[in-house]
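> Give me a model of this one.
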Amino acid sequence: MTARAADRARYDRATAHLDAPLAIVDLEAFDANADDLVRRAGGKPVRVASKSVRCRALLERVLARDGFAGIMSFTLAESIWLARSGFEDILLAYPSADALGFAELASDPKLAAAVTVMVDDPAQLHLIDEARRGGTEVVRVCLELDTSLQLLGGRVRVGALRSPLRSPDQLAEMARTVTRRPGFKLVGIMAYEGHIAGVGDSVDGRPFRSRAVRLMQATARKELVQRRAEVVRAVRAVEPDLEFVNGGGTGSVQHTAAEDAVTEIAAGSGLYVPRLFDNYTSFSGRPAALFAQPVVRRPGVGIVTVLGGGYPASGAAGPDRLPVPYLPEGLKYDPQEGPGEVQTPLIGAPADDLLIGDKVWFRHAKAGELCERFDTLQLVAGDSVTAAVPTYRGEGQTFL
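A predicted model of the protein is given here:
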């Protein structure tokens, strides 16, 4: 029996009393992945990206482990909810226009101490001040550095379109704007290198693309190491008491952690290891989050149909954004239909061994987005479900 077949047997036994559709997290794999992130971080604390987890119980579990400290959130409403739930160090990774949220933040000492907001434009500071509604608490601020690789004088850009702040002078000027403005405290710098951390460099069947990605990433790392160090020096000249410099992402943890200028690492997807993280030479993890759909039809030889399953992930539409049939091994989509809103035909020899009601296990393309489809995660240890915990959705929270 292969390791994957053994996992299927475990998951089927553990959830035999539960009807699909359902989602699980394999705690042994989850904990092993957490250990690997800490190992690769080389002693620097790992801040957990909540968008990749979207479950308070699992955020609590990982933050209780040595090597993890703090949360990187994705909306202001989520940040406030987490702070009111007892989490104490929350970095909002994206600028917000949530006026009601800023009014709440600026009026509550506990929230203001727990949450750091992201800015990259003076207009965002003005928006916060306009939203205060009499709140006088000092708002903690982090600046975001654009990490994109720009070539040929900027005519070629590789990387996400995020912050407009790129050069040391730009960051230093924004730092001066924050420090001169009453009601704000500059505490950190964040730089997310998604083109390095979130792009696989070893794609099966695409050797030329894989080599090109590795070349791009090596060039990007070299450029960013120097520029990030210069930015940090420039900002520290304005605010010497900067508390943190955050960088990284699951795919670049060990590279970013090696930079002297970086004080902490951000990662989250590496806990669940969705399918987009299968194609890396720098690390390998264990799939920890899966979902099961029930077989409801057997249209013919070598074909079964499961209920639902059309759960595409965000990003540019393409096959890599689709979930993949994982267990039993050997199933694939009908190319004429793909994964459907209500039903999904699957083809392959294993289909003939599946009965009506059997479970087919899938892996989602991106980590936390799976939790927008399910309100509960079944936590599996060995061949038993040890707990059922709510996702954000299960707690009535849908922040985006």
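
> And the helices in the stretch 51-200 of the chain, which stretches?
In order along the chain, the stretch 51-200 of the chain carries the following helices (DSSP state H, counting those that start in this stretch): 56-63, 76-84, 99-106, 109-114, 122-131, 168-180, 194-197.

> what's the closest of those helices to L307?
Evaluated with CB to CB, the helices of the stretch 51-200 of the chain place helix 56-63 nearest to L307, the distance being 25.8 Å. The way it works is simple: take the backbone N, C-alpha and C, and place the C-beta from them, glycine included.

> So which residues make contact with the closest one?
Defining contact as CB atoms under 8 Å, 6 or more residues apart in numbering, one finds that helix 56-63 is touched by 25, 30, 34, 48, 50, 53, 68-71, 82, 85, 87, 271, 377, 379, 387, 389-390, 392, 395.

> Filter these down to the buried ones and hand me the ChimeraX line.
Buried residues among the contacts of helix 56-63 (16 or more other CB atoms under 10 Å), as a ChimeraX selection:
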select :25,30,34,48,50,53,68,70,71,82,87,271,377,379,389,390,392
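
> quick one on the thing from earlier: could I get the helices of the stretch 51-200 of the chain as TSV with distance to R236 and mean pLDDT?
Putting the helices of the stretch 51-200 of the chain into TSV (distance: least, CB to CB, whole Å; pLDDT from 0 to 100) gives the following:
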stretch	distance to R236	mean pLDDT
helix 56-63	28	98
helix 76-84	25	98
helix 99-106	26	98
helix 109-114	22	98
helix 122-131	20	98
helix 168-180	9	98
helix 194-197	24	79
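
> Adding distance to H17, write these out as a markdown table.
Formatted as a markdown table, the entries for these read as follows, by distance: least, CB to CB, whole Å:
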| stretch | distance to H17 |
| --- | --- |
| helix 56-63 | 20 |
| helix 76-84 | 32 |
| helix 99-106 | 41 |
| helix 109-114 | 40 |
| helix 122-131 | 49 |
| helix 168-180 | 55 |
| helix 194-197 | 39 |
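
> contacting residues around the spatially most central residue of the chain?
When the chain is reduced to its mean C-alpha position, the closest residue under CA atoms, centre = their mean turns out to be S52, at 3.3 Å. With CB under 8 Å, 6+ apart as the criterion, the residues that contact S52 are 268-269, 271-272, 366-368.

> how close does it get to H364?
Remark: distance between S52 and H364 (CB to CB, to the nearest Å) = 11 Å.

> and what of A41?
Using CB to CB, one obtains 25 Å as the distance from A41 to H364.

> next one: phi and psi at T2?
Dihedral angles of T2 (phi, psi; degrees, to the nearest 10) stand at phi -70, psi 160.

> Let me see the backbone angles for the nearest residue to it once chain neighbours are set aside.
Setting aside the residues directly before and after it, T2 is nearest to E329 in space (CB to CB, 6 or more residues apart in numbering), at 7.3 Å. For E329, the backbone dihedrals are phi -70, psi 140 (criterion: degrees, to the nearest 10).

> surely E329 meets P350?
Yes - in this structure, E329 sits in contact with P350. The criterion is CB atoms under 8 Å, and the distance is 6.9 Å.

> For burial, what's the neighbour tally of the residue nearest to L355 when sequence neighbours are not counted?
Among residues not flanking L355 along the chain, V295 sits closest, at 6.7 Å (CB to CB, 6+ apart). The tally of other residues near V295 (other CB atoms under 10 Å) stands at 19.

> Let's verify V295: helix, strand, or coil?
Classification of V295 using DSSP: H, G, I helix; E, B strand; the rest coil returns strand.

> So what pairs up with it in the strands?
Beta-bridge partners for V295, by DSSP bridges, are V306.

> Kindly report the same for the one 5 residues further on.
Listed by DSSP bridges, the beta-bridge partners for G300 are I303.

> hang on, the earlier thing: enumerate every residue touching the residue nearest to T2.
Neighbouring residues of E329 by CB under 8 Å, 6+ apart: 2, 4-5, 350.

> ok, of those residues, which one's closest to A288?
Of all the contacts of E329, A288 sits closest to R4, with 13.7 Å by CB to CB.

> That closest one is in contact with L327, isn't it?
Yes - R4 is in contact with L327 according to CB under 8 Å; the separation is 6.2 Å.

> quick one, which of these two is more surrounded?
With other CB under 10 Å as the criterion, R4 and L327 differ in neighbour count, and L327 comes out ahead with 22 against 14.

> before we move on, the earlier item: narrow the contacts of E329 to those that are buried.
A residue is treated as buried here by neighbour count (16+ other CB under 10 Å); on that basis the buried members of those are P350.

> now the contacts of E329 as CSV including distance to F208, pLDDT and secondary structure?
As requested, the contacts of E329 are arranged in CSV below (distance: CB to CB, whole Å; pLDDT from 0 to 100; DSSP: H, G, I helix; E, B strand; the rest coil):
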residue, distance to F208, pLDDT, secondary structure
T2, 31, 92, coil
R4, 29, 94, helix
A5, 33, 96, helix
P350, 32, 97, helix
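
> and which of the contacts of E329 is nearest T250?
T250 lies nearest to R4 out of the contacts of E329, by CB to CB, at 21.8 Å.

> ok, and the closest non-adjacent residue to the closest one?
Closest residue to R4 apart from its sequence neighbours, by CB to CB, 6+ apart: E329 at 5.6 Å.
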